[in-house]
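[1] sequence first, then the predicted structure:
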Amino acid sequence: MSDNMRFSEALSAFGGDRKQLIRILQSAQSEFSYISEDTIRRISEKMNIPVSEIYGVVTFYRQFSLNKPGRHIIKVCSGTACHVGGSEKLSELIGDMLSISSGETTEDGMFTLDEAACLGCCSLAPVMMIDGKVYGRLTEKKVSDIINSFREGDSI
């Protein structure tokens, strides 16, 4: 079976094999963008693994999220070049504008703010990525303009 098999198929195919837990969680994360309580219960029942053990795995690995992401995912690079370029201050600005911290989603479900160890765009530092698009050579003004354009529905 392919690595991108749908969650239900993965659970049916590997549900009896405890060694496949991470693979099943990856499938669920890929399909739903997060791991819900309902998903954890389904896995627990099918695989006969305690819910607490599954939560332990989900919270240990950063690739998994227990929170439903916003419609727009903002990743601020914290790599060396971006850090030197002021990405921490820009991340704080975004957090202040949206009233959230890294790893959180706005109440309206529009934005999720995350930190990325490196986005691989060092020559454009500091950078952020929104929905897979990189925005570089950022200043406070540019960040404000970009976030406001998303709020208004006119993403840059």
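    Done, it's in.
[2] and the gap between the nearest residue to residue 59 once chain neighbours are set aside and residue 33?
    Excluding its sequence neighbours, the residue lying closest to residue 59 (Cβ to Cβ, 6 or more residues apart in numbering) is residue 66, at 7.3 Å. (Glycine included, C-beta is placed from N, CA and C.) Distance of residue 66 to residue 33, given as Cβ to Cβ, to the nearest Å: 11 Å.
[3] can you show me the strands along this structure?
    Per DSSP state E, the chain carries strands over the ranges 72-77, 111-116, 128-130, 133-135.
[4] go through those and name the closest to residue 57.
    The closest of those to residue 57 is strand 111-116. By Cβ to Cβ, the value is 20.1 Å.
[5] show me what that closest one packs onto, helices and strands only.
    Strand 111-116 sits against strand 72-77, helix 87-98, with contacts defined as 3 or more Cβ pairs under 8 Å, 6 or more residues apart in numbering; DSSP states H and E.
[6] which one of the ones you listed lies closest to residue 149?
    Across those, closest to residue 149 is strand 72-77 (Cβ to Cβ), at 10.8 Å.
[7] low-confidence ranges in the protein?
    Where the chain drops to pLDDT under 70, the residues are 1-5, 154-156.
[8] how does it divide up, domain by domain?
    Split into domains by automatic domain parsing, the chain comes to 2-60, 72-151.
[9] could you dump these to CSV with mean neighbour count?
    Shown next, in CSV, are those (neighbours: other Cβ atoms under 10 Å):
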stretch, mean neighbour count
domain 2-60, 15
domain 72-151, 17
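[10] for the strands of the chain, give me JSON lines that also has distance to residue 83.
    As requested, those are exported to JSON lines (distance: least, Cβ to Cβ, whole Å):
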{"stretch": "strand 72-77", "distance to residue 83": "8"}
{"stretch": "strand 111-116", "distance to residue 83": "11"}
{"stretch": "strand 128-130", "distance to residue 83": "13"}
{"stretch": "strand 133-135", "distance to residue 83": "17"}
